[in-house]
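Novice: the sequence isn't on hand, but the structure is:
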C-alpha cells in the first residue's frame, strides 16, 4: 500500500485543533481563542501543502496523480468533502489511463461501501465516467448487502449509470 498522501497525524491534529477552537467559545479569554485559532489555521495549512492544494483545489494539469491518491485515501476533515467534489469534477474532464480508470472504479466502490456524505453524488457522476461491466456487476452485488446503507448507495450509483 502506498504511503498516505496526507499523514494521519496531520488529520488528527486538525480534528483536535477544530475541537479546541469550538471549545474556545466567545465567553473564553481572548488569548485562549487566538491560540485555538492559530492552532487550527496552522493544522489546516499543514494538510494543504503546496502541490496538493494546487492539484485538488485549482486542478493543476500535473496533479492528476495527486487527485486520484487524495480520493483513494479518502481523508475526512474540515472541508475535505468540498475538496473531493473539486477533485472529481476535474478528473471527469481528464484523459485517464486504463490503470487510473481502474483505480477510480475502486474509489467509487469504496464510496458505496463507506458512509453517507454530501459528495456521494459526485462519486456517482465519476462512476459514469469510469464505468465498465465489472463496476456494474460489483454494484449489483452490493444491492444485496446486509448493510442498508450500502444497498441504498449501490442502487443510487446504478441508477446514475443507466
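Specialist: Now that the structure is in, tell me what you want to look at. Since the model is a prediction, treat every value here as computed from it, not as a measurement.
Novice: once you drop chain neighbours, what's closest to residue 51?
Specialist: Excluding the flanking residues, the one nearest residue 51 by Cβ to Cβ, 6 or more residues apart in numbering is residue 66, at 6.8 Å. The way it works is simple: take the backbone N, C-alpha and C, and place the C-beta from them, glycine included.
Novice: right, and the one you found touches residue 57 too?
Specialist: No: counting by Cβ atoms under 8 Å, residue 66 does not reach residue 57; the two are 11.0 Å apart.
Novice: got a list of what the residue nearest to residue 51 touches?
Specialist: Residues near residue 66 by Cβ atoms under 8 Å, 6 or more residues apart in numbering: 5, 51, 52, 55, 56.
Novice: who's in contact with whatever helix or strand residue 160 lives in?
Specialist: Under the criterion of DSSP states H and E, residue 160 resides in helix 148-161. With contacts defined as Cβ under 8 Å, 6+ apart, helix 148-161 is touched by 108, 111-113, 115-116, 120, 123-125, 127-128, 131, 135-136, 139-140, 142-145.
Novice: which of the residues you listed fall in helices?
Specialist: 108, 111-113, 120, 123-125, 127-128, 135-136, 139-140, 142 (DSSP state H).
Novice: only whichever of those residues are buried, select them in PyMOL.
Specialist: To isolate the buried ones among these in PyMOL, judged by 16 or more other Cβ atoms under 10 Å, type:
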select buried, resi 108+111+112+120+123+124+125+127+135+139+142
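Novice: of all the ones in helices among the contacts of helix 148-161, which comes closest to residue 100?
Specialist: Taking Cβ to Cβ as the measure, residue 100 sits nearest to residue 108 out of the ones in helices among the contacts of helix 148-161, at 12.8 Å.
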